[in-house]
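*Asks:* I'd like to go over a predicted model; first the sequence, then the structure.
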Amino acid sequence: GEVSRGHILKGTDDITTSIDENMTALQAMSGSKFVVPFLDEVKSWEKKLSTIGECCDIWLVTQRKWQYLEGIFVGSDDIRLQLPDAAKEFDKIDKTWMKIMADTAKNTNAHDACLAEGRVGVLTEMSGNLDKCQKSLTDYLETKRNAFPRFFFISDDELLSVLGTSDVTSIQEHMLKLFDNCAELIFARNNRIVKGMV
């Protein structure tokens, strides 16, 4: 069976709408001559709502990067072997991500989740580190493309599907992109050699 890889954040549209409405209300209060006794509280809420909005934005960006790289580094032992440093870095990020998401699943209140101490900083740092993992992966794919220039004709995801498996026949579905008028390879000797092209 498939192993659960934890929780993800669904859309934050409702939160963003609520933040916008409340910020508008707070700005209206700030303009009132009767705000003086409550001015500190109004400013405090403006800061909190701004931080929640910023946190939601960086959270979704980090989640998108994590989901993409998770499929590569968790799903492919071959890629992990080729990029051991990036794999170790991803494992550290993954552990932190899983903890943040498990904590958030226990308490789904946006105020509590986004204003947890250091949350924006941690997510921002994770996003930067995921960019470094992505750069290592991109550099690795570039070396493979330079070694075999026809790999420039397929996307990163397609190239990863070829490089991330020990099944040599995985190249078959990409043959028409790699070579004109060649639909597939004919393998021989238990897929150890290519005998021909069709």
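*Replies:* Great, that's in hand. Numbers count the residues shown, from 1 in each chain.
*Asks:* which residues touch the residue nearest to Met197 when sequence neighbours are not counted?
*Replies:* Sequence neighbours aside, Cys182 is the residue nearest to Met197 in space, at 4.8 Å (criterion: CB to CB, 6 or more residues apart in numbering). For glycine as for every other residue, the C-beta is placed from the backbone atoms N, C-alpha and C. Shown in contact with Cys182 (CB atoms under 8 Å, 6 or more residues apart in numbering): 175-176, 197-198.
*Asks:* Quick one: classify Cys182 as helix, strand or coil.
*Replies:* Secondary structure, DSSP: H, G, I helix; E, B strand; the rest coil: Cys182 is coil.
*Asks:* measure it to Gly128 for me?
*Replies:* In this view, Cys182 and Gly128 are 42 Å apart by CB to CB, to the nearest Å.
*Asks:* number of nearby residues for Ser18?
*Replies:* Ser18 has 15 neighbouring residues, counting by other CB atoms under 10 Å.
*Asks:* Angles on the backbone of it, please.
*Replies:* Ser18 adopts backbone torsions of phi -60, psi -40, taken as degrees, to the nearest 10.
*Asks:* Just name the closest of the contacts of Cys182 to Thr16, please.
*Replies:* Closest approach between those and Thr16, by CB to CB: Leu176, at 43.5 Å.
*Asks:* what's the average pLDDT for the strand or helix carrying that closest one?
*Replies:* Element membership for Leu176 (DSSP states H and E) is helix 175-178. Mean pLDDT, helix 175-178: 89.
*Asks:* ditto for stretch 63-82
*Replies:* Here the average pLDDT along stretch 63-82 is 88.
*Asks:* Quick check: which ranges of this protein have low pLDDT?
*Replies:* Flagging of the chain using pLDDT under 70 yields the residue ranges 1-4.
*Asks:* which helix in it runs the most residues?
*Replies:* helix 39-73 (DSSP state H).
*Asks:* Quickly note the distance from the residue most central in space within the chain to Lys135.
*Replies:* Nearest to the mean C-alpha position of the chain, by CA atoms, centre = their mean, lies Lys65 at 1.6 Å. Separation of Lys65 from Lys135 (CB to CB) stands at 12 Å.
*Asks:* now do Met175
*Replies:* Per CB to CB, Met175 is found 29 Å from Lys135.
*Asks:* Of these two, give the one with the bigger neighbour count.
*Replies:* When neighbours are counted by other CB under 10 Å, Met175 and Lys135 differ, and Met175 comes out ahead with 15 against 11.
*Asks:* wait, isn't the more buried one in contact with Asn181?
*Replies:* No - Met175 is beyond contact range of Asn181, at 9.9 Å (criterion: CB atoms under 8 Å).
*Asks:* The nearest residue to Asp156 once chain neighbours are set aside: neighbour count?
*Replies:* Counting by CB to CB, 6+ apart, the nearest residue to Asp156 once its immediate chain neighbours are dropped is Leu141, at 5.8 Å. Using other CB under 10 Å, Leu141 has 16 other residues around it.
*Asks:* Would you mind confirming that Leu141 is in contact with Ser161?
*Replies:* No - the criterion here is CB under 8 Å, and Leu141 misses it with Ser161 at 11.8 Å.
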